[in-house]
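>>> heads up, no residue letters with this:
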């Protein structure tokens, strides 16, 4: 079971993550959406496509762009569709 935590809150927990490039991609149904807000940030990966980001807020503390997802991943990365990954201080164990 993988768990993503930040500032004492469980952001996501699942035994159905997809591990890609060292990152756990959590299925959307395992995410606690109460902590997430859409961000305007987007980045491009040459083989996965365009990533969108979420900002996470827990108990008044804000972690900008700490989660990302691929709304329409390339066919080579189709297994991460409808999944979220974390960085920027979010602990995944």
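Arrived safely. Treat the numbers as computed from the prediction; the structure is a model and nothing was measured.

>>> what is the mean pLDDT for stretch 71-87?
Per-residue pLDDT over stretch 71-87 has a mean of 98.

>>> next: stretch 27-36.
pLDDT averaged over stretch 27-36 gives 98.

>>> what is the burial count for the closest residue to residue 35 other than its chain neighbours?
Leaving out its chain neighbours, the residue that sits closest to residue 35 by C-beta to C-beta, 6 or more residues apart in numbering is residue 56, at 5.1 Å. Any C-beta I mention is one placed from the backbone N, CA and C, and that applies to glycine too. Neighbourhood size, residue 56 [other C-beta atoms under 10 Å]: 25.

>>> again with residue 18
16.

>>> sorry, back to before: relative to residue 24, how far out is the residue nearest to residue 35?
According to C-beta to C-beta, to the nearest Å, residue 56 and residue 24 sit 16 Å apart.

>>> beta partners for the nearest residue to residue 80 once chain neighbours are set aside?
Nearest residue to residue 80, sequence neighbours excluded (C-beta to C-beta, 6+ apart): residue 25, at 4.6 Å. On the basis of DSSP bridges, residue 25 is bridged to residue 18.

>>> ok, now residue 10?
residue 5.

>>> let me know the distance separating it from residue 35.
Relative to residue 35, residue 10 is positioned 9 Å away (C-beta to C-beta).

>>> who has more neighbours out of those two?
Using other C-beta under 10 Å as the criterion, residue 10 and residue 35 rank with residue 35 on top: 21 against 14.

>>> next, that one: phi, psi?
Main-chain torsions, residue 35, degrees, to the nearest 10: phi -90, psi 0.

>>> surely it meets residue 60?
No - Residue 35 is beyond contact range of residue 60, at 11.6 Å (criterion: C-beta atoms under 8 Å).
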